[in-house]
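**Q** Sequence below, structure please.
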Amino acid sequence: MTIVYGQIESLKRIRETLNRKGISRFNSIGELNNFIKNYENEKEELFYKIEHDFKLETETLQAVALNLQNNYNTIKSDAETRLNKRLGKINTKCENLRSSPAKNAIIELGHWYLLQIVLGIKFFLEKGYKSIISLKTSKAKKQLEEILLKLDVHTSNSQSTISTRFDAALNKLEYTKSVVNDINPSIAGAIGEHLVANELEKLSDTDVLFNDFSLSFNPPIYNRSDNDRIYSIQIDHLLVTRAGIFIIETKNWSKESIERLDLRSPIKQIQRTSYALFVILNSNKSVGKRILKQHHWGRKELPVRNVIAMINHKPKGKFNHVAIKNLKELNSYINYFEPIFDESEVRSITEHLGRLKI
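**A** Below is the predicted model of the structure:
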């Protein structure tokens, strides 16, 4: 499996745009693509989803209320049982003090005073019976009352709540759709680049793939034949193999887009990029002189081949120095070329490209 560096550039742009717009529901291109395909269905089902979620919330609140009611009843029952048991012991104590014979007047007086104390405790417990139970159950009662109030408000305004939630959800859905529509070209590009990257990853484990490879030049590279000063280049996929380097640009264009005259030619774009990269890699100060192994016939050059990978349709005819391939043809085309470098040279080229990118 191919060694891969970097993330697809169009995917990074999409993530940045969605984050800036406050949209976090998408975690992959697949989810974005599914949203586009299923938008109308999602819109139609939105009300039923809101209604279903509301019913689930109601059932959850009812379950919580029932649980808190049972908890309150248990705490109250336990408190009453303990208090009644204590009052039973006090009554028994009173009966014993009343019926217990005294040997002398002092003991009898002591029994009387003790009886008064016990009767006082009894009076306090009986008089404050409800208050004591209320104190023991206050926390559980408060929790129960809060959830019952919440449930009452929730159910008494059910239609209004569902309607409000639906309006808010619909506005959010339509906003999301408008943002997705604005970045739809980037989504199509990301889908195409993702498919190409997945295909390239099936190549040999000695191959190295750079996704979104970009360089800036200062001073710029001058292309005399086109009278063009090249300040920077950006490559969708830069593949390093034992057969050399492949610049791969992905185009997820429709048949109509291919025929349009106002769209910038990807041929010119990739040829411009290829020229700059070839100059950088094969200059006297670059890879050929310092990294590639010497051949007894002389200094080796790094071949740079240009490929445009078309996801849907591709133009008829051939073009100078640029291969136009669909997804199924891509890896076969790359594997067609004979190896001219060994694995150590591939590693050296990869490391050099990494340093250039930094």
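**Q** Would you mind finding the longest helix in the chain?
**A** With secondary structure taken from DSSP state H, the chain has its longest helix at helix 29-99.
**Q** so how far is that one from its chain's centroid?
**A** 33 Å (CA atoms, centre = their mean, to the nearest Å).
**Q** Give me the residues contacting whichever helix or strand comes after that helix.
**A** Next helix or strand after helix 29-99 toward the C-terminus (DSSP states H and E): helix 105-127. Applying CB atoms under 8 Å, 6 or more residues apart in numbering, the contact partners of helix 105-127 are 83, 86-87, 90-91, 93-94, 97-98, 100, 102, 132. Bear in mind the C-beta positions are built from the backbone N, C-alpha and C, glycine included.
**Q** Looking at the residues you listed, which gets the smallest pLDDT?
**A** Lowest-confidence member of those: residue 102, scoring 68 (pLDDT).
**Q** quick one: the strands in the chain?
**A** Secondary structure of the chain by DSSP state E: the strands cover 3-5, 208-223, 228-241, 244-251, 304-310, 323-326.
**Q** Can you tell me how far the residue found closest to residue 8 once you drop the neighbours it is linked to in the chain is from residue 72?
**A** Residue nearest to residue 8 in three dimensions, not counting chain neighbours: residue 193, with 4.5 Å by CB to CB, 6 or more residues apart in numbering. Separation of residue 193 from residue 72 (CB to CB, to the nearest Å): 61 Å.
**Q** Neighbour count: these two, which is higher?
**A** residue 193 (27 against 18; other CB atoms under 10 Å).
**Q** mind listing what the more buried one touches?
**A** Residue 193 neighbours (CB under 8 Å, 6+ apart): 8-11, 211, 236-237, 250.
**Q** For residue 351, give its distance to residue 208.
**A** With CB to CB as the criterion, residue 351 and residue 208 are 10 Å apart.
**Q** Which one's more surrounded, these two?
**A** residue 208 (23 against 12).
**Q** can you pull the contacts of the more buried one?
**A** Taking CB under 8 Å, 6+ apart, one finds 2-5, 239-240, 346, 350 in contact with residue 208.
**Q** now swap in residue 50 and tell me
**A** Contacts for residue 50 (CB under 8 Å, 6+ apart) come out as 162, 165-166, 169.
**Q** Please repeat the previous calculation with a cut-off of 10 Å.
**A** Applying CB atoms under 10 Å, 6 or more residues apart in numbering to residue 50 gives the contacts 161-170.
**Q** Taking those residues, please make a PyMOL selection of just the buried ones.
**A** Buried subset of the contacts of residue 50, written as a PyMOL selection, criterion 16 or more other CB atoms under 10 Å:
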select buried, resi 161+162+165+166+169
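**Q** still on that earlier bit, farthest pair within the contacts of helix 105-127?
**A** Within the contacts of helix 105-127, two members stand farthest from each other by CB to CB: 102 and 132, at 33.3 Å.
**Q** These two: which has the busier surroundings?
**A** Applying other CB under 10 Å to residue 102 and residue 132 shows that residue 132 carries more neighbours, namely 18 against 12.
**Q** Low-confidence bits of the stretch 51-200 of the chain, can you list those?
**A** Along the stretch 51-200 of the chain, the parts satisfying pLDDT under 70 run over 102.
**Q** Tell me the pLDDT of residue 18.
**A** Value for residue 18, per-residue pLDDT: 93.
**Q** What distance do you get for the closest residue to it other than its chain neighbours to residue 42?
**A** Counting by CB to CB, 6+ apart, residue 18 lies nearest to residue 26, which is 6.3 Å off, once chain neighbours are set aside. Residue 26 sits 13 Å away from residue 42, going by CB to CB.
**Q** and for these two, which residues touch both?
**A** Common neighbours of residue 26 and residue 42 (CB under 10 Å, 6+ apart) are 34-35, 176.
**Q** ok, those vs residue 79, which is closest?
**A** Closest approach to residue 79 among the shared contacts of residue 26 and residue 42 (CB to CB): residue 176, at 53.6 Å.
**Q** can you pull up the bridge partners for residue 233?
**A** Residue 233 has these beta-bridge partners by DSSP bridges: residue 215.
**Q** nearest residue to residue 182 other than its sequence neighbours?
**A** residue 17 (7.9 Å).
**Q** how deep is the one you found tucked in, by neighbour count?
**A** 15.
**Q** quick one, what contacts it?
**A** Residue 17 sits next to 23, 179-180, 182-183, 186 when contact means CB under 10 Å, 6+ apart.
**Q** Give me the subset of those lying in helices.
**A** Per DSSP H, the contacts of residue 17 map to helices at 179-180, 182, 186.
**Q** May I ask which of those residues has the most neighbours?
**A** Top of the ones in helices among the contacts of residue 17 by neighbour number is residue 180, holding 21 neighbours under the definition other CB under 10 Å.
**Q** In contact with the nearest residue to residue 278 once chain neighbours are set aside: list those residues for me.
**A** Nearest residue to residue 278, sequence neighbours excluded (CB to CB, 6+ apart): residue 304, at 4.7 Å. With contact set as CB under 10 Å, 6+ apart, residue 304 has these partners: 238, 244-247, 273-282, 321.
**Q** re earlier: now, which of the contacts of residue 50 sits nearest residue 291?
**A** residue 169 (57.9 Å).
**Q** Can you give me the distance of the closest one to residue 71?
**A** 35 Å.
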